[in-house]
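Participant: Just the structure for this:
(chains A and B)
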There are 2 protein chains.
Amino acid sequence: MIKIVLLGAGNVGHHLSKAFNKSQQIDLVQWYTRDKNKITLSSLDTEIIDDLANIKSADVYIISISDSYIGNLSKELNISNKLVVHTSGSLNFTILNNKNRRGVFYPLQTFSKNKELEISKVPICIESENNQDLMLLEKISKYIDCKSYKINYEERRTLHLAAIFSNNFVNHMFTIAKEILDSKNLDFNILKPLINETVDKIHKLDPENAQTGPAIRNNNEIIINHIKALKKQDHKRLYELMTKLIQDKYGE
Amino acid sequence: MIKIVLLGAGNVGHHLSKAFNKSQQIDLVQWYTRDKNKITLSSLDTEIIDDLANIKSADVYIISISDSYIGNLSKELNISNKLVVHTSGSLNFTILNNKNRRGVFYPLQTFSKNKELEISKVPICIESENNQDLMLLEKISKYIDCKSYKINYEERRTLHLAAIFSNNFVNHMFTIAKEILDSKNLDFNILKPLINETVDKIHKLDPENAQTGPAIRNNNEIIINHIKALKKQDHKRLYELMTKLIQDKYGE
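Facilitator: Numbers count the residues shown, from 1 in each chain, chains lettered A, B, ... in the order given. This is a model prediction of the structure:
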């Protein structure tokens, strides 16, 4: 059994705690959060603490809190020469206090507390100061059915940046599309087959070969009418910029 | 058997011709294209013509060509009092010459010639000048296993605009993400579970409740670093604009 203490009860923390609890090879010894009310999971077989003074011994300490607090929390941890990792896509492990062995356990996925997720579909980017710790992180990934990838800091930052475009910004595109339909009382569900196919395509074609629509066809009349039809200035700007980006990409 | 003449051999035309050929209740009498070389399908049981003079009698004529040529082609058709429809998301049926009965048969989907697609996952937006023709378009949709929706011009334009955001712009987001990874020799495949989950989420949550990432968390340090890391000016502008849009949406 690998003993884990998890620190943080945000979206990532919630999904990791569930995965650790489910695994037969992992003992989630404790789950720390500053505010116990943040924990929406019930029936976990894990002690929940809100005082770092009560922290127990474990093989790994996983810090899954906002980037700006990770450094401080790692200092406050009353342990030394243990493996401490964070789950951030954008920080070096050197943000962690060097009284402990340091590493990263970054799940490349979008987590929402109230959305179930097959944990096996989460690629974990792992990194550590020494090889033995890396093997431990590899094992933890395996024990929760995840694929792990040895990814260094530079690579991880690049992945995180690409993830912003392919998830955060994409989701907001869906939000805008829904807003447009809502304003005319049209049902967002009618768009879902299109959205499914949008993603299905990238499993068969490179995205640059899957592009369709008025921008790549240079259909200026449609483009002008669409920009006119949009109500928000920033949506007009976004339509113009996306159209320019697509036309620059495929223009001679 | 419903007799159909299909005009146009673009992405939509290719997928429709396959669907019509497969249907037991539809006879695809002819497929017209200006340039026979554009047709990449073989083994179709349909006469292919490149001269409108040879056009045969049918129950429906479906024009699936670029918006700007639809009006002219409908004039050149040497038929009258037949049902003629176009497949455009942005044009009124009045663009069609009124020597025939007019309508719309707009498949709300992204089609690429070289990407197979389950046709049953294509919602068809139908509209026509009279009720009997509408029922015929409904039947055709049913005969190729598609769901049809009675959608008027105003609604169709709104759906098309929303489709641009949720498909065209989303696909270009994937293209940018891949470009970012390619530039550091990272494999785009590692992002695919994230992309799948992005879409899986909207079947369970409204997109506005599925938003995650540094913009909604107001994590300015990450945002500034990401904008710095991007190489293209327009990608920086896009990152800034998307971040502003997300923050405006979720800010107080």
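Participant: host element of the closest residue to residue A:187 other than its chain neighbours?
Facilitator: Once flanking residues are discounted, residue A:187 sits nearest to residue A:181: 7.0 Å by Cβ to Cβ, 6 or more residues apart in numbering or on different chains. Quick note: C-beta positions are derived from backbone N, CA and C, even for glycine. Residue A:181 is part of helix A:170-182 when elements are defined by DSSP states H and E.
Participant: Return the list of helices and strands in contact with that helix.
Facilitator: helix B:153-163, helix B:170-182, helix B:192-202, helix B:233-250 (3 or more Cβ pairs under 8 Å, 6 or more residues apart in numbering or on different chains; DSSP states H and E).
Participant: now with 6 Å?
Facilitator: Packed against helix A:170-182, as judged by 3 or more Cβ pairs under 6 Å, 6 or more residues apart in numbering or on different chains; DSSP states H and E, are the following elements: helix B:153-163, helix B:170-182, helix B:192-202.
Participant: Out of these, indicate the one that is most buried.
Facilitator: Of all the helices and strands packed on helix A:170-182, helix B:170-182 carries the top mean neighbour count, a mean of 24, counting by mean count of other Cβ atoms under 10 Å in any protein chain shown.
Participant: one step back: would you agree the residue nearest to residue A:187 is in contact with residue B:162?
Facilitator: Yes. Applying Cβ atoms under 6 Å, one finds residue A:181 in contact with residue B:162, separated by 5.1 Å.
Participant: before we move on, back to that, and the pLDDT for the residue nearest to residue A:187?
Facilitator: Note on residue A:181: pLDDT of 97.
Participant: Please apply the same query to the one 5 residues further on.
Facilitator: Among the per-residue scores, residue A:186 shows a pLDDT of 97.
Participant: what do you get for residue A:233?
Facilitator: Listed pLDDT for residue A:233 reads 98.
Participant: swap in the one 4 residues further on?
Facilitator: Here the pLDDT value assigned to residue A:237 is 98.
Participant: what's around it, how many residues?
Facilitator: If you count neighbours by other Cβ atoms under 10 Å in any protein chain shown, residue A:237 ends up with 16.
Participant: Now for the closest residue to it other than its chain neighbours, how many residues are close by?
Facilitator: Of all residues not flanking residue A:237 in the chain, residue B:241 sits nearest, at 6.2 Å (Cβ to Cβ, 6+ apart). For residue B:241, the neighbour count with other Cβ under 10 Å is 17.
Participant: Local confidence estimate at residue B:241?
Facilitator: We have a pLDDT of 98 for residue B:241.
Participant: how near is the residue nearest to residue A:187 to residue B:242?
Facilitator: 20 Å (Cβ to Cβ, to the nearest Å).
Participant: what do you get for residue A:113?
Facilitator: Applying Cβ to Cβ, the value for residue A:113 to residue B:242 is 23 Å.
Participant: who has more neighbours, those two?
Facilitator: Higher neighbour count among residue A:113 and residue B:242: residue B:242, with 23 against 15, using other Cβ under 10 Å.
Participant: circling back to that earlier point, the helix holding residue A:181: how far from the chain's middle?
Facilitator: 21 Å (Cα atoms, centre = their mean, to the nearest Å).
Participant: From the rest of the structure, what touches that helix?
Facilitator: Applying Cβ atoms under 6 Å, 6 or more residues apart in numbering or on different chains, the set of residues contacting helix A:170-182 from outside is A:188, B:161-162, B:165-166, B:169-170, B:173, B:198, B:202, B:207-208, B:210-211, B:246.
Participant: rerun at 8 Å
Facilitator: Contact with helix A:170-182 is made by A:110, A:187-188, A:190-191, A:195, A:230, A:235, A:238, B:158-159, B:161-163, B:165-166, B:169-170, B:173-174, B:195, B:198, B:201-202, B:206-208, B:210-212, B:242, B:245-246, B:249, as judged by Cβ atoms under 8 Å, 6 or more residues apart in numbering or on different chains.
Participant: Same question for stretch A:233-243.
Facilitator: A:176, A:214-215, A:223, A:226-227, A:230, B:164, B:168-169, B:172, B:234, B:237-238, B:241-242, B:244-245, B:248.
Participant: Just the buried ones from the residues you listed?
Facilitator: A:176, A:214-215, A:223, A:226-227, A:230, B:164, B:168-169, B:172, B:237-238, B:241-242, B:245 (16 or more other Cβ atoms under 10 Å in any protein chain shown).
Participant: According to the record, where do the domains of chain A fall?
Facilitator: Chain A breaks down by automatic domain parsing into domains covering A:2-151, A:156-250.
Participant: distance between the ends of the longest one?
Facilitator: According to Cα to Cα, to the nearest Å, domain A:2-151 extends 22 Å from its N-terminal end residue to its C-terminal end residue.
Participant: Check the offset of that domain from the chain's centre.
Facilitator: With Cα atoms, centre = their mean, you get 14 Å for domain A:2-151.
Participant: Same question for the last one.
Facilitator: Distance of domain A:156-250 from the chain centroid (Cα atoms, centre = their mean) equals 21 Å.
Participant: in stretch A:122-135, what's buried?
Facilitator: Residues of stretch A:122-135 classed as buried: A:122-129, A:133-134 (neighbour count, 16+ other Cβ under 10 Å).
Participant: The residue of chain A most remote from its centre: what's it in contact with?
Facilitator: Taking Cα atoms, centre = their mean as the measure, the residue most remote from the mean C-alpha position of chain A is residue A:221, 38.8 Å away. Neighbouring residues of residue A:221 by Cβ under 8 Å, 6+ apart: B:67-68.
Participant: filter the buried residues of stretch A:122-135 down to the ones near chain B?
Facilitator: Among the buried residues of stretch A:122-135, the ones lying near chain B by Cβ under 8 Å from any Cβ of the partner chain are A:122-123.
Participant: if you look at the buried residues of stretch A:122-135, which of them are in helices?
Facilitator: Taking DSSP state H as the definition of helices, the buried residues of stretch A:122-135 contribute A:133-134.
Participant: which pair in the buried residues of stretch A:122-135 spans the largest distance?
Facilitator: A:122 and A:129 (23.5 Å; Cβ to Cβ).
Participant: Just give the number of residues close to the closest residue to residue A:183 other than its chain neighbours.
Facilitator: Spatial nearest neighbour of residue A:183, chain neighbours left out: residue A:231 (7.2 Å); criterion: Cβ to Cβ, 6+ apart. For residue A:231, the neighbour count with other Cβ under 10 Å is 9.
Participant: I'd assumed the residue farthest from the centre of chain A was in a helix, is it?
Facilitator: Yes. Under DSSP: H, G, I helix; E, B strand; the rest coil, residue A:221 sits within a helix.
Participant: where does it land on pLDDT?
Facilitator: 92.
Participant: repeat for residue A:162
Facilitator: Model confidence at residue A:162, given as pLDDT, is 98.
Participant: got it, and the one 3 residues further on?
Facilitator: What the model reports as pLDDT for residue A:165 is 98.
Participant: what are the phi and psi values for it?
Facilitator: With angles defined as degrees, to the nearest 10, residue A:165 sits at phi -70, psi -40.
Participant: residue contacts, it?
Facilitator: B:173-174, B:176-177, B:180.
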